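Q: Mind folding the following:
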Amino acid sequence: MHIESMDCPNKLRKSIRLKEYDYSKEGAYFITICTNNKECILGNVKNGEIILNQFGNIVLEGWNCLTGRYANIESDKFVVMPNHIHGTIKIIDNVVAIHELPLQKHKHTSNG
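A: Numbers count the residues shown, from 1 in each chain. All right, here's what the predicted structure looks like:
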């Protein structure tokens, strides 16, 4: 079952990220991640409740494992919707990002 009322036109949205902000700094971060083309692939809503499918359960399990994987974070509220997730993560220690680099300006050059 697809949720018609949740479907939004595919708009190109401007990023609200702060260009010079280091997102590996301590603080609380609200996260939204949408599925590709906003497809409802994580579950369905029935009687006002989300019923996760296997993909939704994988996402939920991944979220629940974050604090075991990263000792410097605390997870807070989290919800899986049919076509996106919302969650809050607190970074509690000032650390250097590992492979999830903070936004930086990079100049790309082409060889050839």
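Q: low-scoring stretches of the protein, by residue?
A: Along the chain, segments meeting pLDDT under 70 span 1-13, 94-112.
Q: quick one: the helix or strand hosting I89 to chain centroid distance?
A: I89 belongs to strand 84-91 when assigned by DSSP states H and E. Centroid separation for strand 84-91 versus its chain: 6 Å, with C-alpha atoms, centre = their mean, to the nearest Å.
Q: Direction included, what does it pair against?
A: If you go by DSSP bridges, strand 84-91 pairs up with strand 27-34 (antiparallel), strand 73-80 (antiparallel).
Q: Tell me who's in contact with the residue nearest the centre of the chain.
A: Geometric centre of the chain, nearest residue: I33, 3.6 Å, by C-alpha atoms, centre = their mean. Each residue near I33 by C-beta atoms under 8 Å, 6 or more residues apart in numbering is listed here: H84, I85. For every residue, glycine as well, the C-beta is placed using N, CA and C.
Q: Tell me the bridge partners for it.
A: I33 has these beta-bridge partners by DSSP bridges: I85.
Q: Ok, I50 next?
A: I50 has these beta-bridge partners by DSSP bridges: V45.
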